[in-house]
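>>> Here is a sequence with its predicted model. Questions after.
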Amino acid sequence: MSRIGKKPVSVPSGVEFKISGTKVDVKGPKGQLCRNLHPNMKIEFKDNEVTVTRPSDGRLDRSLHGLTRTLISNMVQGVTEGYSKQLNIVGVGYKVALKGRDLVLNLGHSHPIDYPAPKGIEFEVDGKKNTIIVKGSNKEVVGQTAAEIRSFRPPEPYKGKGVMYSTERIKRKAGKAAVGKGS
């Protein structure tokens, strides 16, 4: 049996949890999330704990067991604490600013990039340190938004310029070696 799938997910007070068929709704102080889960998984909510059980030891059911439990856990954590990703912008002349809820990025292209905030996402910008913090209750949307912003100018290995995650380390490469005499 799945070690992750066996663990119950505790639902804190102040979080509303509803199951209707395969649809799970979670509502908390940071927002509301709903998701359709696979019909093979059996989800039970008792005494502020959610347990996920599988009908058989088939390959599909085993793979869905831990996934379903983790998706529910991420939903509960998202509506209580939320998720965030920090991006650092490194490079001379590279800037970021907020325009309403949207981002305006100057990343060395011939034009500034306007990035509209997706639904449920908030941006925090520190202009002095050139950092962006992407916040939201849905873990997948936060990660996808951060990845899209990073894709506008991924970090390059020679000078280390670009948009990178705060935890990311760039493996630096040596530049061109000087050409020797007599060539």
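On my side now, so go ahead.

>>> Tell me which stretches of the chain form helices.
Per DSSP state H, the chain carries helices over the ranges 3-6, 59-80, 139-151.

>>> which other residues reach the last one?
Spelled out, it's helix 139-151. 74, 77-78, 83-85, 87, 103, 105, 115, 118, 120-121, 132, 134-136, 162-165 (CB atoms under 8 Å, 6 or more residues apart in numbering). (C-beta placed from N, C-alpha, C; glycine too.)

>>> thinking in terms of the whole chain, how far from its middle is that helix?
In terms of CA atoms, centre = their mean, to the nearest Å, the centre of helix 139-151 is set 6 Å apart from its chain centre.

>>> angle of it against helix 59-80?
Computed with axes from the mean of the first three to the mean of the last three CA atoms, to 10 degrees, the direction of helix 139-151 lies at 80 degrees from that of helix 59-80.

>>> Quick check: buried residues in helix 139-151?
Buried positions in helix 139-151, judged by neighbour count with 16 or more other CB atoms under 10 Å: 139, 141-142, 145-146, 149-150.

>>> Over to stretch 80-95?
Under the neighbour-count criterion of 16+ other CB under 10 Å, stretch 80-95 has 80, 82-83, 85-91, 94 buried.

>>> can you list the domain ranges for this protein.
Domain assignment for the chain by automatic domain parsing gives 3-80, 83-165.

>>> And the lowest-mean-pLDDT helix or strand in the chain, what does it pack against?
Lowest mean confidence among the helices and strands of the chain (mean pLDDT, DSSP states H and E): helix 3-6, at a mean of 84. Contact here means 3 or more CB pairs under 8 Å, 6 or more residues apart in numbering; DSSP states H and E; on that basis helix 3-6 packs against helix 59-80.

>>> to the chain's geometric centre, what's the distance from the helix it packs on?
From the chain centre to the centre of helix 59-80 is a distance of 15 Å (CA atoms, centre = their mean).

>>> which non-adjacent residue is nearest Tyr94?
Leu107 (5.4 Å; CB to CB, 6 or more residues apart in numbering).

>>> wait, isn't that neighbour in contact with Val92?
No: look at Leu107 against Val92 with CB atoms under 8 Å: they stay out of range, at 11.5 Å.

>>> wait, Lys173 sits on Pro157?
Yes: contact criterion CB under 8 Å: Lys173 and Pro157 qualify, at 4.5 Å.

>>> Between its first and last residues, how far does stretch 150-170 reach?
14 Å (CA to CA, to the nearest Å).

>>> what's the average pLDDT for it?
Averaging pLDDT along stretch 150-170 yields 91.

>>> ditto for stretch 105-123
Across stretch 105-123, the average pLDDT comes to 93.

>>> list the buried ones in it?
Within stretch 105-123, the residues that count as buried by 16+ other CB under 10 Å are 105, 107, 115, 117, 120-121, 123.
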